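**Student:** Show me how the following folds:
(2 chains)
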Amino acid sequence: MSQHLVCLGLNYRTTPVEIRERLAFAEKDASVAVAEIRALPGFDETVVLSTCNRVELYASHSHADAHCGHEALREYLTRHFDLTPEQEETLGFYRLASTETARHLFRVVSGLDSMVLGETEIFGQVKEAYKKALDATTTGRVLNKLFQQAFTVGKKVRNDTAIQRGSTSVGSVAVDLAGKIFGKLSECRVMLVGAGEMSRTCAQSLLSRGAKSIIVSNRSHDKAVELAAEMKGIALRFDEWEGALHEVDIIISSTSAPHFVIKPDHITQVMRKRRGHPLFVIDIAVPRDVDPAVNEIEEVYLYDIDALQAIADESRRERERQLAICEQIIEEQLDRFGFPILARTQAGANPASALCPKADAR
Amino acid sequence: MEDNKWLILSTLAFAAGVFHALIALRRGTWRESRWHLLPMALGFVLQTVFLYYRGQEVGQCPMKSLPDILVFIAWSVMMLYFVVGSGFRDSLLGVFTAPLLAGMQILALSLPGAFAPYLKKGPVIALVELHAAVALIAYAAFALACITGVMYLLQERLLKRHHIGGLFYQMPPITELAKSIRRLVFLGLLLLSAALLMSLALRQPVSNPKVIFAIAVWVLYLVIALLMWRRVLSARQTAWLAVVGFAIPFFSLWIVTKAPVP
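**Tutor:** Residues are numbered from 1 along each chain as shown, chains lettered A, B, ... in the order given. You can find the predicted model right below:
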């Protein structure tokens, strides 16, 4: 009996989020889904990958050709999520077979198909999806080889290139810089001067990476109290922030003041009390809140929104430059391993299989 | 002279470590990894073999000529490098250490009359040998503080000027570098104090230039350590002191090894 390796999927490029979210498999449903797909006529192996950015069904089947397998998987999804014909029309599926499936999985695992190029979370998500299928015994010779190979390629791409270096968002850049200044963030205290959306994002990024505590000071004290409560921090009245400056390691400023709020005099006094401990100042406000002369003070590191954005942009460009090297590694790995199982089975494909007309007839 | 091959091989191992790291940094593929230890460990083993044969040849711990002293300090730097902590070993510290070691050993090999047999083989006094070894390990701690100081100044410059690129991501956090400089200076001072106390027990004449220079270096680093302890200077100024300060013990070695021993 011949075997075909296929992938039916949709992602953030092909399908809008309001449609994608309808097709997302809940964690426990994925284990059931792999068993259901495996039970479909002609299907030998399957793995279901469902994340916020993609839903992909990988399978090995013995239908007459890849197209029949794709149709069976599409019908399964329609049935499983109870989609109307109108909803089905809006689905932007991609249908991949054989080497294209392998190439696609290698790119996915390496983060090359992700919304944020080179992100690493997808590697763990694919591993989790594969583990679920493995536990449900819905994988076999073909998919085991494919996924094991994909993990090897993913590691190689990350180790041999700079695809994941740097951060591509302002919040992540701020966290990276804080890490390179203070090491562990668990002893770092953060102060928000002003409570804009961007400063909230930065503060949340720092807290998620273990920052110790947060102080919020805003002209509208109610807003400061609200934000402090949300972040389990302390709210200060706006005329009190200067007095608390020496207690913090990171200042994020984002007021709407038309003039400099934080001046060299403030920081010089603070640095005397800090006894050689550095201070990281993030100025997200436009017009700027922090006098640029603050960066001239010893052990004070000032970054405004343009500086953070420029670093994020450069990281993105660097990742794009690395893309060609990554693609080359993937092609080399595809050539090197050649998927002998597939090559053998495709050579012996049987177009007269009885399963295909059934799928086509639907 | 046959034994120089071990030192040459050791120097090549350190040079290979630098070469590999520079290529990787240039390509943007440098990662923290225990594999970076391989050329360093190999270089250290070869250094040790060289020192063993050299000790056999001169019939004592080989620390009497400048080339021998340079190699012994390089060996001590490696010893300290292995106890500094894996976080630093696996990061760029190795890359910054290797060129210094390779440079010291190339200098040792290229000095005229390098590794000639000692003219006088006096009686070996264990305390004298220990005193000299501890003093040289103290100098190695100052050398490592110097390297860490260079890393601090580089990282500080990148942070201040917002040059956030390949090298920046490979360097340890700036506060960790500042702490390491302080620890290494304190360690070196402690070891040098111990070496000087041993020399007191030997009742060496104060006019001995080696002892005079050792006391001068000890005073210098005592001042540096006090400034660090009291946090009188900024971390950047401290790093500069660690870098520039090492020039004094380094060049003093040159002078004292040329001075006649009374």
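**Student:** any low-confidence regions in the chain?
**Tutor:** Looking at chain A here, since you left the chain open. Along chain A, the parts satisfying pLDDT under 70 run over A:1-2, A:338-362.
**Student:** Let me rephrase: I mean chain B.
**Tutor:** Flagging of chain B using pLDDT under 70 yields the residue ranges B:1-3, B:27-34, B:84-94, B:119-124, B:203-207, B:256-262.
**Student:** and the stretch 151-262 of chain B, which of its residues are near chain A?
**Tutor:** On the criterion Cβ under 8 Å from any Cβ of the partner chain, chain A has as its neighbours in the stretch 151-262 of chain B the residues B:155, B:159-160, B:162, B:164-166, B:168-169, B:171-176, B:178, B:231, B:234-237. To be clear about C-beta, it is placed using only N, CA and C from the backbone, and glycine gets the same treatment.
**Student:** Now restrict the residues you listed to buried residues only.
**Tutor:** Buried residues within those, defined by neighbour count using 16 or more other Cβ atoms under 10 Å in any protein chain shown: B:155, B:159-160, B:162, B:164, B:166, B:168-169, B:171-176, B:178, B:234-236.
**Student:** What segments of the chain are strands?
**Tutor:** Reading this off chain A. In order along the chain, chain A carries the following strands (DSSP state E): A:4-11, A:43-50, A:54-61, A:94-97, A:189-193, A:213-218, A:234-237, A:250-253, A:279-283, A:300-304.
**Student:** To A:C202, which of these lies closest?
**Tutor:** Shortest separation from A:C202 across the strands of chain A is recorded for strand A:250-253, at 5.3 Å, computed as Cβ to Cβ.
**Student:** Identify all contacting residues around the closest one.
**Tutor:** By Cβ atoms under 8 Å, 6 or more residues apart in numbering or on different chains, the residues outside strand A:250-253 that reach it are A:174, A:178, A:188-194, A:199, A:202-203, A:206, A:211, A:245, A:261-262, A:279-285, A:289-290.
**Student:** In helices, which of the residues of the stretch 151-262 of chain B next to chain A fall?
**Tutor:** Of those, the ones assigned to helices by DSSP state H are B:155, B:159-160, B:166, B:168-169, B:174-176, B:178, B:235-237.
**Student:** show me what contacts the closest residue to A:L96 other than its chain neighbours?
**Tutor:** Using Cβ to Cβ, 6 or more residues apart in numbering or on different chains and skipping the chain neighbours, the partner closest in space to A:L96 is A:C7 (4.3 Å). The contact partners of A:C7, by Cβ under 8 Å, 6+ apart, come to A:56-59, A:94-97, A:100-101, A:104-105.
**Student:** ok, what's across the strand from A:C7?
**Tutor:** Counting by DSSP bridges, A:C7 forms beta bridges with A:Y58, A:L96.
**Student:** Excluding chain neighbours, what is closest to residue 241?
**Tutor:** All of this is about chain A. Excluding its sequence neighbours, the residue lying closest to A:W241 (Cβ to Cβ, 6+ apart) is A:S217, at 3.9 Å.
**Student:** Oops, wrong one, chain B.
**Tutor:** Counting by Cβ to Cβ, 6+ apart, the nearest residue to B:L241 once its immediate chain neighbours are dropped is B:I224, at 5.1 Å.
**Student:** wait, isn't the one you found in contact with B:V244?
**Tutor:** No. With the criterion set as Cβ atoms under 8 Å, B:I224 and B:V244 do not qualify as a contacting pair; they are 9.9 Å apart.
**Student:** More neighbours: these two, which one.
**Tutor:** Counting neighbours by other Cβ atoms under 10 Å in any protein chain shown for B:I224 and for B:V244 shows that B:I224 has the greater number, 24 against 12.
**Student:** how about JSON lines for the ones in helices among the residues of the stretch 151-262 of chain B next to chain A, with distance to A:I251 added?
**Tutor:** Rendered in JSON lines, the data for those read as follows (distance: Cβ to Cβ, whole Å):
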{"residue": "B:Q155", "distance to A:I251": "21"}
{"residue": "B:L159", "distance to A:I251": "16"}
{"residue": "B:K160", "distance to A:I251": "17"}
{"residue": "B:G166", "distance to A:I251": "28"}
{"residue": "B:F168", "distance to A:I251": "21"}
{"residue": "B:Y169", "distance to A:I251": "24"}
{"residue": "B:I174", "distance to A:I251": "17"}
{"residue": "B:T175", "distance to A:I251": "17"}
{"residue": "B:E176", "distance to A:I251": "22"}
{"residue": "B:A178", "distance to A:I251": "20"}
{"residue": "B:A235", "distance to A:I251": "19"}
{"residue": "B:R236", "distance to A:I251": "20"}
{"residue": "B:Q237", "distance to A:I251": "24"}
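**Student:** of the contacts of A:C7, closest to chain B?
**Tutor:** Distances from chain B to the contacts of A:C7, taken as Cβ to the nearest Cβ, are shortest for A:L105 (23.2 Å).
**Student:** Tell me how many other residues surround the closest one.
**Tutor:** 29.
**Student:** Spit out the contact partners of the nearest residue to it once chain neighbours are set aside.
**Tutor:** Excluding its sequence neighbours, the residue lying closest to A:L105 (Cβ to Cβ, 6+ apart) is A:A150, at 4.8 Å. Taking Cβ under 8 Å, 6+ apart, we find A:A150 in contact with A:102, A:105-106, A:108-109, A:126.
**Student:** The same query, at a cut-off of 6 Å, please.
**Tutor:** With Cβ atoms under 6 Å, 6 or more residues apart in numbering or on different chains as the criterion, the residues that contact A:A150 are A:105-106, A:109.
**Student:** Just want to check the distance between the closest residue in space to A:K127 that isn't next to it in sequence and A:R107.
**Tutor:** Closest residue in space to A:K127, ignoring its immediate chain neighbours: A:F151 at 6.8 Å, by Cβ to Cβ, 6+ apart. With the distance defined as Cβ to Cβ, to the nearest Å, A:F151 ends up 13 Å from A:R107.
**Student:** A:R200 now?
**Tutor:** Taken as Cβ to Cβ, the span from A:R200 to A:R107 is 34 Å.
**Student:** Sort out which of the contacts of A:A150 are in helices and list them.
**Tutor:** Using DSSP H, the members of these that fall in helices are A:105-106, A:109.
**Student:** pretty sure the residue nearest to B:L241 is touching B:A242, no?
**Tutor:** No. B:I224 lies out of contact with B:A242 (Cβ atoms under 6 Å); the separation is 7.3 Å.
**Student:** which residues are in contact with both of these two?
**Tutor:** Taking Cβ under 6 Å, 6+ apart as the contact criterion, no residue touches both B:I224 and B:A242.
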